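Colleague: take this sequence and fold it.
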Amino acid sequence: MRLARLAADARFLLPLGLWVLLGAPHARAGDPEAGRAVFIDRERGHCLLCHQVQQLDAPFQGNIGPDLSNVGARLDARMLRDRVTDPTRFNPDTAMPAYHRSDGLNQVMTRYADQPVLDAQELDDLVAYLLTLTTSGE
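Modeller: The predicted model follows:
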């Protein structure tokens, strides 16, 4: 009886453990081209408002935040995701908004209240794009 219970628990716990280790499944992996669109879109990321990327042929790039031209060589996917999700975890005084957090925010437009600016797929796409940014090219 005890052995049967352990076997049943193992069949349940093994997939659960893999899910926890690997993370919840997403609809699809991050798409760098879709992430580039999020990066420059004025209604979603609008990252160019504050950041610049040498590899992008876009006018009026910002200089408030750090240059992201080499961010893919400096930070891994987890680090990038964490910084985009909630940059206040790293710098409480940052001007950068939390793109994938919906609680505890101030001065949020009504249409964004109680929901993140970027959904999970857009966040995956943006991270995939940022990982391509190295000074050696996209």
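Colleague: which parts of the chain are strands?
Modeller: Assigned by DSSP state E, the chain shows no strands.
Colleague: can you give me the helices in it?
Modeller: With DSSP state H, the ranges of helices along the chain come out as 2-22, 32-40, 71-74, 77-85, 120-132.
Colleague: for R111, see how far away I64 is.
Modeller: The gap separating I64 from R111 is 24 Å, by Cβ to Cβ, to the nearest Å. Placement of C-beta: from N, CA and C, glycine included.
Colleague: and the nearest residue to D67 once chain neighbours are set aside, what's its pLDDT?
Modeller: Leaving aside its chain neighbours, D67 sits nearest to Q52 (5.2 Å; criterion: Cβ to Cβ, 6 or more residues apart in numbering). On pLDDT, Q52 comes in at 94.
Colleague: and Q52, how many neighbours?
Modeller: Residues contacting Q52 under the criterion other Cβ atoms under 10 Å number 18.
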